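A.B. asks: just a sequence and a predicted model for now, questions to come.
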Amino acid sequence: MLSVFYFFIIYNFYIFIILSSGFAFKKIFWFKNNDNLTIGEIGIFGFIFIYLIITFFHYFFPINIIFSITIYFLFSIFFLFEFKNIKSLISLNLSKNIIYLYLLGFLTAITTNLHDDWQLYQLPIINYVQQFKIVFGFISLNDYYGQGHGFYEIMSIFQLPIVKNSSLYLIPVVFVVFALSHILSELNKTDTKGKLFIFFIVALILLRFSRSKEYGTDLPVICLLFMIQIYVLNFIKKPNTEVIFKTATIFVFAVFLKIYAILAIFYSLFLLKKANLKFISEIFKLNRLSTFIFLIILSTVTKNLITSGCVFYQISGTCLDKDLASWSIGKEVAKERNTYLTAATKGWKAYVRTEQPKEFVTATQYLELSKYNYLKYLSKDAIFDRLIITLLICFFFIFFHISKLKKKENNNFLSHNKTVLIGSLIAVLLWIINIPNVRYGGYAYVPFFLFMIIFSFFEISKLNMNFIKIFISLCLIFFITKNLNRISKEFIVDKSNNYPFSNFEDFKYKTINIDDIKIRVPTDGLWCGNIKMLCSSEDYLISSASIKNSYIFLKSKEQDMIKFINRTAYYDTIEENDIKK
């Protein structure tokens, strides 16, 4: 219980640092003398500001414990200098809902059951950022490292003396708490339609994301998409420049965290009609906020090009040829990984598991045989059940609030609702065609489209608060009971004295020297876990290495990286799932 208390102190410390970062962002970049930011928004902008700081300084040195403590100190000093202003803003925005959310967030954070990908890329990326300054061709160690994991770079700064990285998985929880804090604060500002959508979001999070193990990067991105959607609804009701800047900043950040957030660009279609480019042009004017957005874009694109040779790895058209940048992963490798991930999101693993073909079916072969019926195999995957649950929650909220069809004269596709509907329809169609996995944005894209259909064609009755209170109460009971039950079981099983601090498993490895640079390679599997960097998944991935002006350059051969991708494909679909060859 004492370690849980220490964990709670660290949880509050992280919140304090992120809030201080957010207030620093507000002081430096936000509109002067404007307090129109919620606590949740300040927290989210705090994350984005920390991301910019890490991305910039990582060009020059590792984000080690000394750097982290220095940042903690500077933000603490800023907090003390601005204490009066910060105190008044917090007191104005603090509510019972936010306090309850803060406590529920900590409840779900009490666990040693980590995300499934912690050893694949999450902890290795964190270790890399903490132990080395930026490495050219870092992706050659394991191409999963180049798939847009900026959130784990943010997590790297939250190391602490003694406990080191064992409390880092509090950070995704803190992010979600801030995002939901803002979403809940919108209840007092939005209309009936907005309130209905917000209550749906709360119910979905409580029912579907009751374990912090599931958070990873995807839930934070989904929360950012929800925030963008609420901004869109607010802009329809009352256009203003601030909403444009909020939307643009969060959109850019979300895209650099996960590329599937790019589909939210279609929500901006309503701007073309509503604002006649008046508000859009504001974002291109030279001011502090547009400079901040530009710095985010520039620093991230540069970082991606250095670590992978691509602006967005997997999109081969954004990758530099190896003749131009020798450390680049190469266009063919990007195509191969994209083929693998496309097949995976379209039910490839479910096909292999259920059909059990006599010979191994490659990603390319699966995409060909399932070209017109991939939804059939996708329906046999667990992700399909999650989509059904999401649709059922939508149905319950919609069913109790549909009044009647709108009158014909109001049913005009030139109205603002219809413009957003068209944008959300395009987003959903592209999602279904390219990445029909509810985890990759489906939780946000599909429900928003359904709600926009209802908002466009039906009258919404007064909120049925009896239904909402009962439904949300049941969701809360489910959420709390499930977490308390999980914690009690974990506490019994965990024999260490430091629960819920993470106990990272030690992996065996061998060390190879490539041009006098030490590369560690795991001997009992493919993933590096907590092995000290530089760590490569296979000993054949790095073809050569060099040091120029104190920067490490790693190079690989395309055929070796493609071999590795095929190896991981077989591992994921056969070995990991205990499917017979």
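C.D. replies: Noted; the coordinates are in hand.
A.B. asks: residue 172 is in contact with residue 219, correct?
C.D. replies: Yes - if you go by Cβ atoms under 8 Å, residue 219 and residue 172 touch, sitting 6.9 Å apart. (Each C-beta comes from the backbone N, C-alpha and C, glycine too.)
A.B. asks: between those two, which has more neighbouring residues?
C.D. replies: Comparing residue 219 with residue 172 by other Cβ atoms under 10 Å, the one with more neighbours is residue 172, at 24 against 21.
A.B. asks: surely that one meets residue 216?
C.D. replies: Yes - Residue 172 is within contact range of residue 216, at 6.7 Å (criterion: Cβ under 8 Å).
A.B. asks: what segments of this structure are strands?
C.D. replies: Here the chain has its strands, by DSSP state E, at 402-405, 458-460, 509-514, 517-522, 544-548, 551-555.
A.B. asks: for the spatially most central residue of the chain, give me phi and psi.
C.D. replies: Nearest to the geometric centre of the chain sits residue 217, at 3.1 Å (Cα atoms, centre = their mean). As for residue 217, its main-chain torsions (degrees, to the nearest 10) stand at phi -100, psi -30.
A.B. asks: please name the residues that touch it.
C.D. replies: Residue 217 is in contact with 149, 151, 152, 172, 257, 258, counting by Cβ atoms under 8 Å, 6 or more residues apart in numbering.
A.B. asks: report the rounded mean pLDDT for stretch 233-245.
C.D. replies: The average pLDDT within stretch 233-245 is 81.
A.B. asks: over to stretch 425-433?
C.D. replies: Mean predicted lDDT for stretch 425-433 stands at 92.
A.B. asks: contacts for that stretch?
C.D. replies: Against stretch 425-433 from outside (Cβ under 8 Å, 6+ apart): 260, 263, 264, 266, 267, 269, 440, 441, 442, 445, 446, 449.
A.B. asks: mind listing what's buried along that stretch?
C.D. replies: By neighbour count on 16 or more other Cβ atoms under 10 Å, the buried set for stretch 425-433 is 426, 427, 428, 431.
A.B. asks: could the residues you listed go into JSON lines alongside distance to residue 135?
C.D. replies: Output for those, formatted as JSON lines (distance: Cβ to Cβ, whole Å):
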{"residue": "426", "distance to residue 135": "38"}
{"residue": "427", "distance to residue 135": "35"}
{"residue": "428", "distance to residue 135": "39"}
{"residue": "431", "distance to residue 135": "34"}
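A.B. asks: state the distance from residue 125 to residue 168.
C.D. replies: Relative to residue 168, residue 125 is positioned 11 Å away (Cβ to Cβ, to the nearest Å).
A.B. asks: would you format the strands of the chain as a markdown table with mean pLDDT, distance to residue 244 and mean neighbour count included?
C.D. replies: Formatted as a markdown table, these follow (pLDDT from 0 to 100; distance: least, Cβ to Cβ, whole Å; neighbours: other Cβ atoms under 10 Å):
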| stretch | mean pLDDT | distance to residue 244 | mean neighbour count |
| --- | --- | --- | --- |
| strand 402-405 | 70 | 32 | 11 |
| strand 458-460 | 77 | 26 | 16 |
| strand 509-514 | 92 | 49 | 13 |
| strand 517-522 | 93 | 47 | 18 |
| strand 544-548 | 92 | 43 | 15 |
| strand 551-555 | 94 | 38 | 19 |
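A.B. asks: quick one, which of the ones you listed gets closest to residue 319.
C.D. replies: strand 551-555 (14.6 Å; Cβ to Cβ).
A.B. asks: how far off strand 544-548 does the closest one point, in degrees?
C.D. replies: 160 degrees (axes from the mean of the first three to the mean of the last three Cα atoms, to 10 degrees).
A.B. asks: can you show me the CA trace of strand 551-555 as PDB?
C.D. replies: Extracted C-alpha coordinates of strand 551-555, given in PDB (Å, rounded to 0.1, in the frame of the first residue of the first chain):
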ATOM      1  CA  TYR A 551      26.300  11.500 -35.000                       C
ATOM      2  CA  ILE A 552      25.800   7.800 -35.500                       C
ATOM      3  CA  PHE A 553      24.700   6.700 -39.000                       C
ATOM      4  CA  LEU A 554      23.200   3.200 -39.400                       C
ATOM      5  CA  LYS A 555      22.700   1.700 -42.800                       C
END
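A.B. asks: circling back to that earlier point, could you list which of the contacts of residue 217 belong to helices?
C.D. replies: Counting by DSSP state H, the contacts of residue 217 place 151, 152, 172, 257 in helices.
A.B. asks: show me which pair in these is furthest apart.
C.D. replies: Largest separation among those by Cβ to Cβ: 172 and 257, giving 11.3 Å.
A.B. asks: quick one: average confidence on stretch 36-51?
C.D. replies: The model assigns stretch 36-51 a mean pLDDT of 92.
A.B. asks: how far off centre is that stretch?
C.D. replies: 15 Å (Cα atoms, centre = their mean, to the nearest Å).
A.B. asks: check stretch 195-210 too.
C.D. replies: 17 Å.
A.B. asks: residues touching residue 453, list them.
C.D. replies: residue 421.
A.B. asks: and the pLDDT at it?
C.D. replies: Residue 453 carries a pLDDT score of 88 in this model.
A.B. asks: how close does it get to residue 447?
C.D. replies: For residue 453, the distance to residue 447 - Cβ to Cβ - is 11 Å.
A.B. asks: residue 92 too?
C.D. replies: As judged by Cβ to Cβ, residue 92 and residue 447 stand 31 Å apart.
A.B. asks: which one of those two has more residues nearby?
C.D. replies: residue 447 (24 against 11).
A.B. asks: report the contact partners of the more buried one.
C.D. replies: Residue 447 makes contact with 200, 204, 390, 393, 394 under the criterion Cβ under 8 Å, 6+ apart.
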